[in-house]
Every structure is written in C-alpha cells, then in structure tokens.
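J.: Turn this into a model:
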Amino acid sequence: MCRIFNSMPERDCISWNSVISGYASRDLPEKAIDTFKLMLREGCAVLSRVTFSTMLVLASAVASATLGVQVHCLVTKHGLGSHVFVGSPLVDMYSKAGFLAQALLAFNEVDEKNVVLHNTMLMGFLRCGMIEESKRLFAGMRVKDSISWTTMVTGLSQNGCELEALCLVNKMRYASINMDQYTFGSVLTACGALAALDQGKQTHAFIIRTHFDDNVFVGSALVDMYSKCRSIRLAESVFRGMKVKNLVTWTAMLVGYGQNDCSEEAVRTFLQLQRDNIKPDDFAMGSTISSCANIASLEEGTQLHCRSVVSGQISFMTVSNSLVTLYGKCGNVEDAHGLFDEMTDWDHVSWTALVAAYAQIGKAKETIVMFERMLTSGIKPDRVTFIAVLSACSRAAMVEKGHAYFNSMVNDYQIAPLAEHYTCIIDLLSRAGRLAEAEDFIKRMPFPPDAIGWATFLSSCRVHGNIKMAKWAADSLIELDPQNPASYVLLLNVHAANKNWDEVARIRKLMRVTGVKKEPGCSWIKYNNKVHVFSADDQSHPDSVKIYAELENLGLKMDKEGYSPDTSSVLHDVTEVEKRLMLSHHSEKLAIAFGLIYMPKELPIRVFKNLRVCVDCHNATKLISRITGRDILVRDAVRFHKFSNGLCSCGDFW
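T.: Predicted coordinates for the structure are as follows:
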C-alpha cells in the first residue's frame, strides 16, 4: 500500500483517505495521524467527510482532545459540522474527553439527526453520569433501535440506577425489542448489584429461550450474578456447563468463590485455570491471593507471590495490596510492611491492609502510628480502616483515643458507623472493665448490637465475672439468634467459673429442648501440603503415639515451671483431677505437639481452630512458646493469637 501510494505522481482525497484508513484499521494510529498532517502540508485541495470522520475516531482512540479540537476547527472551516456523518464522531470524541458542553453543541449543530447520532449523545450523557439528561433525550427520540435501549439499560446499571434499568428492560421486552449479549450482560449486572435472585433466574430462563446461553460474555455475567446473589452453587453449575470459557469467565468464578467464603475452591479454580493454559491477569491473581489470605494459607500465597514477581504482576496495585493483606492475616507483619515499602504507589486499600496487619497481630501502638502516617500522606481512611484502628485501641485499652477516632470518623469523614464500629466501642469499654459504660452505650445505639456485638460484651462479662450483665447479654443474644451455641457456651462458662452448677444444668437442659448443639471443637495444621486435623482426645492420627509422648514431655517441663491448669472452662461438676485430664488433650494442644515434632525450628507453628481457644489452652500455649523458644500462631473463631516468649498478641483478652 505504502509503495503504491508513494509512487503515485498525483494523489487525490480518495488516495489519501485510503492510506489513513488503512493505517487506522491496522491499529497504527500514529502513522495515520502523521499521514493526515502530511496531507495538510502538501495542500490537498479537498478534505471530505470521510477524512474528518476517520480523524475524529482516531482522536477518540488515542484520547487526544487536542487533536480532536484541531480537526473540529478544520470541520468548521470546511462547513461540514452540520453533517451527521461528521457530527456523530465529533460528539463521541468530546463526550469521551469529558467535554459534554462541546459535545452538546456539536450535537445541536447537526441538521438531520439520525438514531446513530442520538445513541452517541445518549452514551455521552451516561458516560458522564448525567442521568436526567439521558432520560430526557431517550424519551424524546422518535426512533429507537436495540442499541438505544441497550445503551440506556447499560448506562443506568453503571450509574447505580439498577432498579430503573430492570424496569426499562421490562418495557424493552414489551416493545418486542431484540436483546443482545450486551443487554443481557447489563441486566445481569443490575440483578447482581441488587441481589435480585428471582429476577436473575427469570433473565436466565429468557437467555436460554433466546439461545444466548452458549455466549461466553453472557455466561460470565451469569456466573457473576449468581455469585453476588449468594447462590454460589448455581454460579458453579453455569460455569461448569459453559462450552467456552475465557479469562473473564474464570475470574468471575474465582471472585465468586471469594465472595461466598469458598476460598479453598477459589485456590483450586486458579490452579485449574493454569492447567488449562489460561494466563491470569492482575485481577485474577489478586483475587486468588485474597482467597489465600481469607484462609491464612501462607504456602499457596507465597507461591503466588513468587509467580507475581516472575510475571511482573507484582507491579499492579491490586496484586501488591492483596499480598500485604495476605501476610498481615498470616501474622507476618514484618513481611507485610516490607512489601508495602517496596510499592511505588499506595491507595487507601494499601494503607488499610498495613494498618489492619498491625491491628490483627495486637500491635496497637504501631497500628496507630501507621494510621497517623496514612492521614499525613493525604489518604482518606474508609470504614474498614476505622474498624482496624478502633480494634487496636480496644486491645490497648485506649478508651479516650478510641472515642476520639470514632467521633472523627463520624464528624470529620462523614462515615456512618456500621454494626462493626459499634462492636469495637463495646469491646473498647468492656475490655477496660467499664461494663456500665458499655451497657449505657449499647442502650444509646441507634440499633441493637448484632450477634458479634452481644457476644463481645458477653465475653467481657465472663472475663470480669459479672453474672448479671452476662445474663442480660446472653438473653439478648439468644433472642437475636436462638440457634447460636456461642451464647449458651459463654454463659455456661460464666456460671461454671462461679460454680453455679444448677444454672449450668438449667442452660444445658434449655439447649437440649431447643435443639441447640455445641459444635465439636477441632484444630488443624498444614504440613507438606497436607492438612492434619485433630479433635479432643483424638488418637486416630497415624503419629498419635509420638504426639501424646510429646505432650507428656511438655507437661513435665510445664510442671517444673509452676504451671497450674485453669479448670474454669470445664463445664462439668467433676473432680479437679478429672477436669485436668479433660483439659490435657484438647485439639489445639495435639496440633501444637504435632507442629513441634515436624515443623522446622526456624518456622512458626500455625494452628487453626474452629472455636474459641479456651483459657487453659491459651495459658498453656503461652508457656509452651517460652519453654520451646518457638513462635506459635493460633487463629481461632474470634481472634488471631501470636504466642511468643510466653506472651500473646491478644493481651490475654479474647
């Protein structure tokens, strides 16, 4: 093409336009623009509508408003601004650049407006969030095609007007307007945002009837919609039934698993994605690392860290933020901070991840230092940041500072407190022993505490031995969630500690009558890519003999250090000897003994437990960490505990 063009003795407008269009169609915008400039320098006598239309499309493609304005000047000079063929790309160029006033002027200048021009202006309004203007334009259009309707539905969905988008879709169906993959994608996005499962299912049925169920774009949107509606198994069914999957599909399933607390499935899906030779992007990588963080899976997370370094995706903020969160949730705050320092840029998610890392490990002073640094850097905290800071204040009994941050959140940042923020203040006051103030705060709340809030207050009543308040909190928690065994168990602990065995018997009877069953406690530890699970007095493990021998050896060393079991958490009226025997083989102790045998000494022992750690196991683990010189990390149902040299990061309050 170039050789022929260069050899031409004379070039007219058509030949110039052919070269410019050729470069544009081959995604070579710079060469197309250079050719246009050369065309002007050589004094081409005629510049046609095709020339200007092509150049305006290129100006939009390269996001060059300067080039677009220059072309517009030439359009005006040649008197072509009123032609629809030039007006449409002109409106599109200005609206994409955010110059809506100029786009509207260009729109109004066109004499005979067609549906394409109207759709372009409609898209411009919606792109800039001008909802009312788009509604008026849409209502005034004499001719509307399927693109007009789809543009409006998509724009409403993207601008937070999901309910209006769904209403418009119903009108679209009544008008017998054909829907395409983009329409269905927007409808499903709206259903997902509203968690409108029934509407989503109806749309799915219509998709099947119109034979769009094999479309990869629509299938991906279905997976996303069902995931956001908390119907992960339906999302899984759609995903498995898709004949063709692309990266968007796989990512939708990955994110869906993460949103529905199925983090292990998310990690397995990522591995399958790799086996299918799909190259994950930064979003898929970040989502999978976040899933590893949710289950504190350091091994897989570290492997993904290495992969992100090799692939260069570590430079993406989504990936780096997820890694900071991962190391924080796994108790590796030094690694989290080191990775944070290596980042070249930070947003509020980066800072929040680091603040939360220090808060989770119980380093209250460091948490507040990081939070103050965040504020100094000009980054605004969000709700999650304040949850981390308030929880850190409660750990360190910084009551006044916690109140100050809470008030700042409301007054300075106009963040409406959620149940989690109120729970932090309840914890702050009750942890400090100010139970009466906590009670008053609860009564003044705009809404009652949720189950976690009541459980937090009840736990503090247990620690401080306040039976009256414990009963009030337990009754409130039972009324809110009658089938939650935690409320009964915490109240049982209070009465058992005070040897009120009649009350213990009464509560046990109530649990039997109401069908509430205490979840069996279990602990697990990962070693050599295998999860080893233990329950109390468990002897099913192949290495039980070694584990029990290790526990016995530890017991002798602990006795020499003056260890005395805390039997207050034994909820049975039996002898002290029997209580000590019942405590000696709790699941976390078995898991820790396994870790001491097999985990390399330079690595911490990481144990997970499905229930709260009992008082005796907590005391014992502190002593074990000092005797053995090992760091032991225990993540129970409530908190993250890091035991090191006889101390725990939770400050003995959980």
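J.: So L339 belongs to a helix, correct?
T.: Yes. In this structure, L339 lies within a helix as judged by DSSP: H, G, I helix; E, B strand; the rest coil.
J.: Spit out the contact partners of it.
T.: Contacts for L339 (Cβ atoms under 8 Å, 6 or more residues apart in numbering) come out as S320, L323, V324, Y327. No exception for glycine: its C-beta is placed from N, CA and C like everyone else's.
J.: farthest pair in those?
T.: Pairwise distances across the contacts of L339 peak at 11.0 Å for S320 and Y327 (criterion: Cβ to Cβ).
J.: any idea where the strands of this structure begin and end?
T.: Per DSSP state E, the chain carries strands over the ranges 522-527, 530-535, 605-609, 632-635, 640-644, 647-648.
J.: quick one: L163 from A196, how far?
T.: 9 Å (Cβ to Cβ, to the nearest Å).
J.: no no, S157
T.: 12 Å.
J.: Over to G433?
T.: 47 Å.
J.: ok, the two, which is more surrounded?
T.: Comparing G433 with A196 by neighbour count (other Cβ atoms under 10 Å), the higher total belongs to A196, at 21 against 14.
J.: Make sure the more buried one is actually in contact with C167.
T.: No. Under the criterion of Cβ atoms under 8 Å, A196 is not in contact with C167, lying 11.8 Å apart.
J.: quick one: the helix ranked longest in the chain to strand 530-535, angle?
T.: Longest helix of the chain, by residue count under DSSP state H: helix 544-560. Counting by axes from the mean of the first three to the mean of the last three Cα atoms, to 10 degrees, helix 544-560 lies at 60 degrees to strand 530-535.
J.: ok, and what's touching helix 544-560?
T.: So helix 544-560 is in contact with 538-539, 541, 584-585, 589-590, 593-594, 596-597, 620, 623-624, 627, going by Cβ under 8 Å, 6+ apart.
J.: In ChimeraX, how would I select the buried members of those?
T.: Command for ChimeraX, covering only those of the contacts of helix 544-560 found buried under the criterion 16 or more other Cβ atoms under 10 Å:
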select :538,541,584,585,589,590,593,594,596,620,623,624
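J.: Mind pulling up the pLDDT for I467?
T.: I467 is assigned 83 on the pLDDT scale.
J.: neighbours around the residue nearest to it when sequence neighbours are not counted, how many?
T.: Excluding its sequence neighbours, the residue lying closest to I467 (Cβ to Cβ, 6 or more residues apart in numbering) is V494, at 5.9 Å. Other residues lying near V494 total 27 when counted by other Cβ under 10 Å.
J.: okay, V494: pLDDT?
T.: So V494 comes in at 74 (pLDDT).
J.: Repeat that for S430.
T.: In this model, S430 carries a pLDDT of 92.
J.: okay but it is in contact with S460, surely?
T.: Yes. Contact criterion Cβ under 8 Å: S430 and S460 qualify, at 3.4 Å.
J.: The two: which is more packed in?
T.: For S430 versus S460, neighbours defined as other Cβ under 10 Å are more numerous around S430 (29 against 24).
J.: what's the spacing between the residue nearest to C424 when sequence neighbours are not counted and V494?
T.: In space, and not counting its chain neighbours, C424 is closest to L390: 3.6 Å by Cβ to Cβ, 6+ apart. Going from L390 to V494 by Cβ to Cβ gives 26 Å.
J.: Okay, now the unreliable bits of the chain?
T.: 1-17, 23, 25-26, 29, 42-47, 497, 567-583, 654 (pLDDT under 70).
J.: Identify the residues contacting the residue nearest the centre of it.
T.: A centroid search over the chain (Cα atoms, centre = their mean) returns Q259, at 7.0 Å, as the residue closest to the centre. With contact set as Cβ under 8 Å, 6+ apart, Q259 has these partners: S227, K228.
J.: Does L234 touch K228 like I think?
T.: No. Under the criterion of Cβ under 8 Å, L234 is not in contact with K228, lying 11.4 Å apart.
J.: which of those two has more neighbours?
T.: K228 (24 against 19).
J.: list the contacts for that one?
T.: Taking Cβ under 8 Å, 6+ apart as the test, what K228 contacts is G192, A193, A195, G256, Q259.
J.: ok, the second one touching C161?
T.: Read that as A193. No. A193 sits out of contact with C161 when judged by Cβ under 8 Å, with a separation of 10.0 Å.
J.: can you count the residues close to A165?
T.: When neighbours are counted by other Cβ under 10 Å, A165 comes out with 24.
J.: As a check, name the ranges of all helices in the stretch 151-300 of the chain.
T.: In the stretch 151-300 of the chain, the segments counted as helices under DSSP state H, counting those that start in this stretch are 162-174, 181-194, 197-209, 216-228, 232-241, 247-259, 263-275, 282-294, 298-311.
J.: TSV for those helices, including distance to A549?
T.: Compiled in TSV, these are given as follows (distance: least, Cβ to Cβ, whole Å):
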stretch	distance to A549
helix 162-174	62
helix 181-194	54
helix 197-209	54
helix 216-228	48
helix 232-241	43
helix 247-259	40
helix 263-275	32
helix 282-294	34
helix 298-311	27
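J.: of those, which approaches G465 most closely?
T.: helix 282-294 (35.1 Å).
J.: so what secondary structure elements neighbour the closest one?
T.: helix 247-259, helix 263-275, helix 298-311, helix 317-329 (3 or more Cβ pairs under 8 Å, 6 or more residues apart in numbering; DSSP states H and E).
J.: OK, contacts around the nearest residue to S476 once chain neighbours are set aside?
T.: What sits nearest to S476 in space, not counting adjacent residues and going by Cβ to Cβ, 6+ apart, is W454, at 5.3 Å. Applying Cβ under 8 Å, 6+ apart to W454 gives the contacts A473, S476, L477, L480, S487.
J.: from these, which ones fall inside helices?
T.: A473, S476, L477, L480, S487.
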